[in-house]
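K.L.:
okay, here's the prediction I keep looking at, along with the sequence it came from:
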Amino acid sequence: MFNQAINIIQEEHRSLAAIVHGLKYLVNDARSNTARADFKVLRAMLHYIDAFPERLHHPKEDAYVFARLAARTHEADEVIDELKKQHAEGTELVAALHTRLDAYEAGAAGGLAAFAEAVERLHRCHVAAHGTGRKGAAAAGQAAPERG
C-alpha cells in the first residue's frame, strides 16, 4: 500500500514537471518571437500549479507520506524537513508567478524577463524537490517495519 502511494506521488510529480516544462517552452517561445503570449493558456497552467500541487498534492504528502515515513524510520527526517521547506517555498513561488504574469500581461517594462525568471525559479525548485523526494522514497524502501 505504501509503495502504491509513492507511485502515485511520483506520477503527480511527473504531471507537474510537464506543466513546468510547458511554461518554460512558452516563455522561450515568447522570447524568440515577438508575438504576444497567450495569457489565457499561461493562466490555466498557473491555475493547475496553484490548485493541484499546492492545494492537493503537497497536503497529501505532508499528511500521509511524511507521517507514515516518520513512523517507520528516523533516517528520512532530514529529507522530510527539506521537502516541507520546499513546499513552503513553492507557495511563495506560485504567488510570485501570478504577480509577474499580471505585470507581463499589463505590458510592464521587463515583464517577460521577470516572469521568465520566476518560471526558472519554479523549475529549479521542482527539480530540487524531485531529487529530495527520491532520497525519501529510497529511505522508505529501506526502512525497518513501522515503529510501535
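P.N.:
Now that the structure is in, tell me what you want to look at.

K.L.:
the residue most central in space within the chain: what's its closest spatial neighbour, skipping adjacent residues?
P.N.:
The centroid of the chain falls nearest to His126 when counting by C-alpha atoms, centre = their mean (4.6 Å). Using C-beta to C-beta, 6 or more residues apart in numbering and skipping the chain neighbours, the partner closest in space to His126 is Val20 (5.3 Å). Glycine gets a C-beta too; all of them are placed from N, C-alpha and C.

K.L.:
any idea how far that neighbour is from Asp77?
P.N.:
When C-beta to C-beta, to the nearest Å is applied, the distance between Val20 and Asp77 equals 28 Å.

K.L.:
give me the more crowded residue out of those two.
P.N.:
Neighbours were tallied for Val20 and for Asp77 using other C-beta atoms under 10 Å; the higher tally belongs to Val20 (21 against 13).

K.L.:
thought the residue nearest to the centre of the chain was touching Leu16?
P.N.:
Yes - taking C-beta atoms under 8 Å as the contact criterion, His126 and Leu16 are neighbours in contact, 6.3 Å apart.

K.L.:
count the residues that sit near His47.
P.N.:
Here the number of neighbours of His47 (other C-beta under 10 Å) works out to 11.

K.L.:
again, but for Glu11
P.N.:
The tally of other residues near Glu11 (other C-beta under 10 Å) stands at 9.

K.L.:
after whatever helix or strand it lives in, next one along is what?
P.N.:
Following DSSP states H and E, the helix or strand that holds Glu11 is helix 2-32. Stepping forward along the backbone from helix 2-32, the first helix or strand reached (DSSP H and E) is helix 39-49.

K.L.:
check which helices and strands that next one sits against.
P.N.:
helix 2-32, helix 77-105 (3 or more C-beta pairs under 8 Å, 6 or more residues apart in numbering; DSSP states H and E).

K.L.:
in it, what's buried?
P.N.:
Using 16 or more other C-beta atoms under 10 Å as the test for burial, helix 39-49 gives Leu42, Met45, Leu46, Ile49.
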